[in-house]
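Asks: starting from these lines, generate the structure:
(chains A and B)
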There are 2 protein chains.
Amino acid sequence: MHYKKLEARFAKINDLNHALSMLSWDDAAVMPTGGGVARTEALATLNGLIHTELSAPEIPDLIHAAVDEPLDAWQRANVLEMKRSYEDAMAVPADLVMAYSKATSLCEQRWRQLRAANDFKGILPLLGEVVNLTKRRAECLSEAKGLGQYDALLDTFEPGLRQVDIDPLFTSLLDFLPGCIDSILSQQEPAIPIEGPFVEDCQANLGRLMMAQLGFDFEHGRLDVSHHPFCGGVPDDTRITTRYNENNFLESLFGVLHETGHALYEQGLPASWRTQPVGGSGGMALHESQSLFIEMQVCRSPAFIAFAAPHIRNAFGGGNESAEWSDDNLLRHVRKVGRGFIRVDADEATYPMHVILRYDLEKALVAGDLDPTEIPDAWDEKMRSYLGLGTVGNDADGCMQDVHWFSGTIGYFPTYTLGALAAAQLFKSAMQAIDDLPSLISRGEFEGLVGWLRQNVHSQGRMLATGPLIEKVTGESLSAEPFKAHLVARYLD
Amino acid sequence: MHYKKLEARFAKINDLNHALSMLSWDDAAVMPTGGGVARTEALATLNGLIHTELSAPEIPDLIHAAVDEPLDAWQRANVLEMKRSYEDAMAVPADLVMAYSKATSLCEQRWRQLRAANDFKGILPLLGEVVNLTKRRAECLSEAKGLGQYDALLDTFEPGLRQVDIDPLFTSLLDFLPGCIDSILSQQEPAIPIEGPFVEDCQANLGRLMMAQLGFDFEHGRLDVSHHPFCGGVPDDTRITTRYNENNFLESLFGVLHETGHALYEQGLPASWRTQPVGGSGGMALHESQSLFIEMQVCRSPAFIAFAAPHIRNAFGGGNESAEWSDDNLLRHVRKVGRGFIRVDADEATYPMHVILRYDLEKALVAGDLDPTEIPDAWDEKMRSYLGLGTVGNDADGCMQDVHWFSGTIGYFPTYTLGALAAAQLFKSAMQAIDDLPSLISRGEFEGLVGWLRQNVHSQGRMLATGPLIEKVTGESLSAEPFKAHLVARYLD
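Replies: Numbers count the residues shown, from 1 in each chain, chains lettered A, B, ... in the order given. The predicted structure is shown next:
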């Protein structure tokens, strides 16, 4: 049976991706600096092998023969996913795959040091190489897919997503958010500062407690530390990371809750399709909807704080009676809105502005309208126009704050905000589907809610693209309205 | 140039081995239990790919053509190593390589749990499969190499090593050691117990301090925790592990010193040959000589204790004046000789008896004279005859104490004792070559000593096999005499 032969080939590719994924986690979480050169070579070889396997000349014939065989719906969707990865692989020549792997891996490793040294000039040659190779990849993908170059990159992160889908959503946000932010700022009550230091071990223990409560399975995953928090590994062994700030435990705690949302998605993928493309997670917008569903919709709600506050006080010895450790004050902290320089510290109202800034700049980079040398100035200008902020005067907290461009992740940023919109829309449906959800959350009972996500999203693998899946679950196509309504209800009502 | 084509192929194989090595470290040091099944598949696929690359049909032609090209001595030795790995790979069919990889990886993972549960019956089906597949491998290797089956396995761990080399050395030890041990036991002074508990973090900090002092490069390596201590990773990123006993800090400390010896070897391999077979470490007997050189010859000496004792007292708040924390008492602890059940806790005088026991049993397993079901009884019997000990009554501390057989490492144990003999012989030469070595050691000045190892052993890669290398460095072929003389000088003079 030709279909079975395809399954065996893709199981092997899955094993190589397992290696790639674990080595990338290792690189970010535990590898000593001096291991970087050898690691870069190993990752490039693995990427090259995966490319060879994905573009094997037998695959189109096998696919052609398999579609005539009696296949069920999952198998049929699996073949479509195989076809997509074959076509994506064929679009880019092997030497470009290897060169891109080496350039991005080296640049990401150096970024860790040079960001700390605030040295944009130092990283510029490596970033220039990454941007050049990304443009070459974009050209190849564009030609093969018949898409514009930026669309061709977007499509690798969120299949089917196009600029024409994004632009009206972002325009709607740009119309709405500045006024909304002003209103929030004019009426929000200030939070009483909570004084640290907060011991790292206590933060880690609290994070693990919350992860377990939400349903993270520690038999199949870990929490570690890295420069830039992420969710990696494989569904059977999901590795999330965070970083600890001794003066602010909420940064790490909500980072952990965010990554837990990603991890629940990975751990909830259909068990019998683990080795096959159709069993993988959907596009990155859908992935982000899962992290923001947990972090923003669930965990920054009064109900969640009612559940979490005693644990938080217990972790840091915060007094029950003291004003700064009260539920109300904690809630004010996790809902603080403000215009700031750092995307990952941004609240949900200002966050889309950070994303749109990056979207504008990365489109210009790919189009060749912005040279990498011009990024710092362009960054400042956008910061002014979108967030009304002056020069940060510090590239580490400016254009070097995110790992994405340095690791070749260009065409990805918009998925963060699409994820935020999808999270709001999904949560609205969950509220309708689950009786008295806030009460359940306030008692720390998440099984029903996570079960709803498992059934409607996680267990679906890649049976549907993100757009159709959102439409199936919520009854409406993806829009900015539920997100805007959520902001109004949470901050302005 | 054909030679350059071979180098490119073997650099790629080196990258795959990098992945294998790091995934194995991950498996042992950080992987959650539930990740085991997916990991087993990934390791098997990588092993299969490495086998495919090593046995590629182009290799013999390339080798044939390369030897007529103008090559320097390193290149020539490199081609010989390539030829050896090609022949080893060709000897074993691909399906057996994959089956062996899966069986050993599964069995090792289950051993971690079943050893803790003292459940030999539980592990028996998996161990039986490992032994069967090892016998099939031994048959294939035996036929291809024209060696006996056990010799064929030995040869994969220490190229060129044969039972006929081992037997006279072991016979000499069996003649000498029982009487020697009796003499030591009759005259050794008892050590004053040092009461714990010893906090794990303090143990880890002390271990790292000693590693750094000996020259371990933390830019290119790490110390972590695992069930069974080992040295893994790659030369540019050498990962050693230990395990901590809250009641005995010396177990972990000397375990760390032992693995540091292995790691110094890896980190000292010739930098310009990192990606090629000739640049790898030699056989496992030579590797063990490097760990035992550091642990036994250097670190259990009065000179080393004079250097280390203040650091040890400082780590655990041991009083300068108290009898149990005195240099003399610490030295008595690190030189305590006694007949015990556990190999890794054994002193250097009784250790060879543990090895010879395992050598006897694994030869019988490979020959089919011992069935895996019979191992516990055979173990007890050997314990009685070699060490005069009764039944341990507990397989966890009996035949399940070591990971080796459960991970398919059969034909490896003799290299531990050959390493001990080589370490004594090498140290004798170092004492002659370096002026006033004990003084240097007592001041914590290890550069000269490690430099001597670097120059004579580490930087040699695989230019020579272990036997010829020992002969070149020490002027004599490997013998048991320096080891015996060392025991007499240390314990009986």
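Asks: show me what contacts the residue most central in space within chain A?
Replies: Nearest to the mean C-alpha position of chain A, counting by CA atoms, centre = their mean, stands A:Glu288 at 4.8 Å. Applying CB atoms under 8 Å, 6 or more residues apart in numbering or on different chains to A:Glu288 gives the contacts A:His262, A:Thr415, A:Tyr416, A:Leu418, A:Gly419, A:Ala420, A:Ala422, A:Ala423. (C-beta placed from N, C-alpha, C; glycine too.)
Asks: same thing but at 7 Å, please
Replies: Contacts here follow CB atoms under 7 Å, 6 or more residues apart in numbering or on different chains; on that basis A:Glu288 touches A:Thr415, A:Tyr416, A:Gly419.
Asks: got JSON lines for those, with secondary structure, neighbour count and distance to chain B too?
Replies: Shown next, in JSON lines, are these (DSSP: H, G, I helix; E, B strand; the rest coil; neighbours: other CB atoms under 10 Å in any protein chain shown; distance: CB to the nearest CB, whole Å):
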{"residue": "A:Thr415", "secondary structure": "helix", "neighbour count": "24", "distance to chain B": "26"}
{"residue": "A:Tyr416", "secondary structure": "helix", "neighbour count": "20", "distance to chain B": "28"}
{"residue": "A:Gly419", "secondary structure": "helix", "neighbour count": "26", "distance to chain B": "26"}
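Asks: the closest residue to A:Leu161 other than its chain neighbours sits in which helix or strand?
Replies: Spatially, and ignoring its direct neighbours in sequence, A:Leu161 is nearest to A:Leu154 (5.0 Å; CB to CB, 6 or more residues apart in numbering or on different chains). Per DSSP states H and E, A:Leu154 falls inside helix A:149-157.
Asks: which of the three states applies to A:Asp224?
Replies: Following DSSP: H, G, I helix; E, B strand; the rest coil, the label given to A:Asp224 is strand.
Asks: kindly provide the distance from it to chain B.
Replies: Relative to chain B, A:Asp224 is positioned 8 Å away (CB to the nearest CB, to the nearest Å).
Asks: ok, now A:Ala323?
Replies: For A:Ala323 relative to chain B (CB to the nearest CB), the value is 36 Å.
Asks: likewise A:Met284?
Replies: Using CB to the nearest CB, A:Met284 is found at 22 Å from chain B.
Asks: count of neighbours near that residue?
Replies: Applying other CB atoms under 10 Å in any protein chain shown, we find 24 residues neighbouring A:Met284.
Asks: pLDDT score for the closest residue to it other than its chain neighbours?
Replies: Taking CB to CB, 6+ apart, and ignoring the residues beside it in sequence, A:Met284 has A:Thr415 as its nearest neighbour in space, at 4.1 Å. On the pLDDT scale, A:Thr415 is placed at 98.
Asks: do the same with the one 5 residues further on
Replies: In this prediction, A:Ala420 carries a pLDDT score of 98.
Asks: that one contacts A:Phe483, doesn't it?
Replies: Yes: at 6.0 Å, A:Ala420 and A:Phe483 qualify as touching, with contact defined as CB atoms under 7 Å.
Asks: bridging residues for the closest residue to chain B within the stretch 101-250 of chain A?
Replies: Going by CB to the nearest CB, chain B is nearest to A:Asp237 of the stretch 101-250 of chain A, at 3.0 Å. Here A:Asp237 sits in beta bridges with A:Val234, going by DSSP bridges.
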